[in-house]
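# Have a look; sequence and predicted model below, questions after that.
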Amino acid sequence: MTNSDLIKDLKDNVNERMAFIKENIDKKNAIVITHGCQMNEHDSEKIIWLLEKMGYNQVNDIKDADLIILNTCSVRHSAEDKVYGQLGNLKNLKNSKKDLKIAVCGCMMQRDESRNYVIEKFPNVDIIFGTNNIWKLPELLYSSFNGKKLSMDIEENPVGIDEGIGAIRAYGFKSYVNIMYGCNNFCTYCIVPYTRGRETSRNPKDIIREIENLVENGTKEVTLLGQNVNSYGKSLDYDYTFSDLLSDINDIDGLERIRFMTSHPKDISDELIMSFKKLDKLCNFLHLPVQAGSTDVLKRMNRKYTKEDYLKTIEKVKKVNPDIALSTDIMVGFPGETEEDFEDTLDLCKKVEYDTSFTFIYSLRENTPAAKMTQVPDKVKHERFERLLDVLYPIQEKKNKSLIGKTQKVLVEDISKKRDDYVSGRTESFKLVNFKGSREDIGKIVDVKIIDANSFSLEGEKIGQK
Ligand code: 5AD
Ligand code: SF4
């Protein structure tokens, strides 16, 4: 049997199982609870698509659900603890509602330690699957409804069949699109290469077709997802790079904005940097995780660039596009981080002047190389974390305040969390803006004059709309 015959067979089986559940199962309220990154958020969108095909309704309260799916993250210890806490809280609900099905999926289930812990401590879990076999959900549900105590399936690497899985996007006007799966970098602190398998790029034709379809259905903005989008194309058997993909996506009529996440500084090419000048739809926002400012720490993290390399890249980016907003992931308290190393991180932050940052305290992940290194005491980690924020936030505030009086194009996403008569959206530079508006503005690109700003968001006044 060839690989494509095998895939066809598997898909036929998925369709059969979905039809069975649709026709034979009565109670079909479901809730999907998502932890972690955009990759997980998008995986949950695929799960919801499958659920809707099987006739499930989405509910917002776990008490109303007949099926609860926890899509988990294992990047930090605290993320795992949250899931164990939730599973503990579900025990009573499951006891009082015998038909309730509980499924656990996502990164934690790809790790033997976490999966075994869940199986041992939470016997009420009915279904377990991983990050590479979301499409198996109908089959697993089917066997669970047929009496199987624990329906479980974990796949090491993507099988390539989720090409056929659609996704119910949380917002129709902005969509996540996977361009690749997995990671080959093995940063010494990181669990992802063990939970998401080896790097594989999707076929560009499939990506373009997916985006064209999305645009036909109202999408204005796409965010291309991959652990390291800069190495897109390396697993294809012809010469086609991430810059080529961006350029082809830029040509799609009707699409207005392109974003991508995440880039690795070691792989960012001059061609990609030039895209920020050349491609009119590519937003002026770059998320380039630095992790640490000390070359010595970066070496032990296996990041494969120095502090100077990173600063040089940033300089090039700013030269090509002086208005670009910069964002990063930074970690404090990596094993062996000295006071001097940490000061290098502070120094780098002052030099780059990030617009946004995602800050983390190093969390030991078992079976990663960094777990065996000498750990920094918790008290020191927490103290450094506070000092890092004291450097980052005033810079963010200064950069946000520099937009006061300027007009920004804002894609309106939702009613504001602050006030009912306000809406919130994102500028091209990914800044959050709140301004007076109504539900009618949602999904539109609106001209907004910025009137106030703090470290985290902007306030504006609507002056026009596209
Ligand atoms: N501890 C703390 N932060 C981590 N990250 C990845 N692994 C760990 C860890 N073990 C952070 C990195 C990465 C982001 C997604 O999560 O900064 O870029
Ligand atoms: Fe983890 Fe490094 Fe891969 Fe990012 S590039 S997912 S930090 S191993």
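Great, that's in hand. Ligands and ions are numbered 1, 2, ... in the order given.
# Measure how buried Gln86 is and give me the count.
Close neighbours of Gln86, defined as other C-beta atoms under 10 Å, add up to 18. The C-beta positions use only the backbone N, C-alpha and C, and glycine is treated the same way.
# and it, what does it touch?
Neighbouring residues of Gln86 by C-beta atoms under 8 Å, 6 or more residues apart in numbering: Ile33, Leu70.
# and it, what helix or strand is that in?
Element membership of Gln86, judged by DSSP states H and E, is helix 77-96.
# how about the helices of the stretch 351-466 of the chain, start to end?
Secondary structure of the stretch 351-466 of the chain, counting by DSSP state H, counting those that start in this stretch: helices at 378-401.
# can you pull the buried residues of the helix holding Gln86?
For helix 77-96, the neighbour count (16 or more other C-beta atoms under 10 Å) marks Ala79, Glu80, Lys82, Val83, Tyr84, Gln86, Leu87, Leu90, Lys94 as buried.
# now do stretch 389-403
Using 16+ other C-beta under 10 Å as the test for burial, stretch 389-403 gives Val391, Leu392, Ile395, Gln396, Lys399, Asn400, Leu403.
# now what about it, what contacts it?
The contact list for stretch 389-403 (C-beta under 8 Å, 6+ apart) reads 325, 330, 346, 349-350, 353-357, 359, 431, 450, 453-458.
# Next, see if it gets close to ligand 1.
No - using C-beta under 6 Å from any ligand atom, stretch 389-403 stays clear of ligand 1, coming no nearer than 13.8 Å.
# pLDDT weak spots in the chain?
Along the chain, segments meeting pLDDT under 70 span 1-10, 157-171, 464-466.
# Which residues of the chain lie near ligand 1?
For the chain, the residues found near ligand 1 under the criterion C-beta under 6 Å from any ligand atom are Val75, Arg76, Tyr189, Cys190, Pro289, Gln291, Asp329, Met331, Phe360, Tyr362, Ser363, Arg365.
# Could you turn the buried ones of those into a PyMOL selection?
The PyMOL command for the buried members of those (criterion: 16+ other C-beta under 10 Å) is given here:
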select buried, resi 75+76+189+190+289+291+331+360+362+363+365
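# check contacts around whichever residue of the stretch 201-350 of the chain sits closest to ligand 1.
Going by C-beta to the nearest ligand atom, ligand 1 is nearest to Asp329 of the stretch 201-350 of the chain, at 3.4 Å. Residues near Asp329 by C-beta under 8 Å, 6+ apart: Thr262, His287, Pro289, Val290, Gln291, Ser357, Phe358, Thr359, Phe360.
# for the host helix or strand of it, which positions count as buried?
In this assignment (DSSP H and E), Asp329 forms part of strand 325-332. Neighbour counts over strand 325-332 (16+ other C-beta under 10 Å) mark Ala325, Leu326, Ser327, Thr328, Ile330, Met331, Val332 as buried.
# picking that back up, among the contacts of Asp329, which ones are in strands?
Among those, the ones falling in strands (DSSP state E) are His287, Ser357, Phe358, Thr359, Phe360.
# ok, the spatially closest residue to the first one that is not a sequence neighbour to Cys107 distance?
In other words, His287. Among residues not flanking His287 along the chain, Ser327 sits closest, at 4.3 Å (C-beta to C-beta, 6 or more residues apart in numbering). According to C-beta to C-beta, to the nearest Å, Ser327 and Cys107 sit 22 Å apart.
# got the residues of the stretch 251-400 of the chain near ligand 2?
Taking C-beta under 6 Å from any ligand atom as the test, the list of the stretch 251-400 of the chain residues beside ligand 2 reads His264.
# from the stretch 251-400 of the chain, which residue is nearest to ligand 2?
Of all residues in the stretch 251-400 of the chain, His264 sits closest to ligand 2, at 5.3 Å by C-beta to the nearest ligand atom.
# Now that residue: closest residue in space, sequence neighbours ignored.
Leaving aside its chain neighbours, His264 sits nearest to Asn228 (4.5 Å; criterion: C-beta to C-beta, 6+ apart).
# show me what contacts the one you found?
Met180, Cys183, Asn184, Asn185, Glu199, Thr262, Ser263, His264, Asp267.
# What backbone torsions are found at the last one?
Pointing back at Asp267 there. The phi and psi values for Asp267, taken as degrees, to the nearest 10, are phi -110, psi 0.
# What count of nearby residues applies to it?
Using other C-beta under 10 Å, Asp267 is surrounded by 17 other residues.
# wait, it sits on Gln227?
No - Asp267 is beyond contact range of Gln227, at 11.3 Å (criterion: C-beta atoms under 8 Å).
# any idea how far the residue of the stretch 201-350 of the chain closest to ligand 1 is from Leu288?
Using C-beta to C-beta, we find Asp329 at a distance of 9 Å from Leu288.
# same check, this time on Glu216
Using C-beta to C-beta, Glu216 is found at 32 Å from Leu288.
# who's more crowded, those two?
Higher neighbour count among Glu216 and Leu288: Leu288, with 20 against 10, using other C-beta under 10 Å.
# Hmm, Asp344 is touching Ser294, no?
Yes - look at Asp344 against Ser294 with C-beta under 8 Å: they come within range, at 4.0 Å.
# how about stretch 426-437: buried residues?
Buried residues in stretch 426-437, counted by 16+ other C-beta under 10 Å: Arg426, Thr427, Glu428, Ser429, Phe430, Lys431, Leu432, Val433, Asn434, Phe435, Gly437.
# go on, stretch 203-218?
For stretch 203-218, burial by neighbour count (16+ other C-beta under 10 Å) applies to Pro204, Ile207, Ile208, Glu210, Ile211, Glu212, Leu214, Val215.
# what do you get for stretch 123-140?
For stretch 123-140, burial by neighbour count (16+ other C-beta under 10 Å) applies to 125-140.
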